[in-house]
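S.K.: okay, predicted coordinates and the sequence, questions at the end:
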Amino acid sequence: MITEIRHIIFSNDELKLVFQSVPLEGFDATRRITRIQVVEGPPPSIRIQSEMAMGGARTELEVESYQLARLMVAYCRDKKIPLPKDALKTIHAQGDALCFSIMSTLG
């Protein structure tokens, strides 16, 4: 049996794009993201600091790992990055980035 393992690294800048392009319940995509902080787990999470484009109030939102996984899968689909449906998907912190690991059995 052959096992394939892939790692997709989401840098801090790429994480900003994820949250601006994939809808997240409770987050207004028109807000300007001022900071994203990767919080090591287990399980990892992300803190997003944002403000309204015209200098409104600052808010902070914490995104849990189960929400991150859903957003990353949706973002990969949007960017045409192939992900096997039945693969094991995990997320872990890697410095100020997130590593999305995909493990699937071939054949």
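M.R.: Cool, got the structure.

S.K.: C-alpha from now on. contacts and neighbour counts both.
M.R.: Will do.

S.K.: low pLDDT regions in the chain?
M.R.: 55 (pLDDT under 70).

S.K.: report the longest helix in this protein, please.
M.R.: Secondary structure of the chain per DSSP state H: the longest helix is helix 65-78.

S.K.: after it, which helix or strand is next?
M.R.: Counting by DSSP states H and E, the next helix or strand C-terminal to helix 65-78 is strand 88-94.

S.K.: so which bits of that next one are buried?
M.R.: Within strand 88-94, the residues that qualify as buried are 89, 91-94, counting by 16 or more other C-alpha atoms under 10 Å.

S.K.: and which of the residues you listed is nearest Ile9?
M.R.: Each of the buried residues of strand 88-94 was scored against Ile9 by C-alpha to C-alpha, and Gln94 proved nearest at 8.4 Å.

S.K.: check contacts around that closest one.
M.R.: Under the criterion of C-alpha atoms under 8 Å, 6 or more residues apart in numbering, the contact list for Gln94 is empty.
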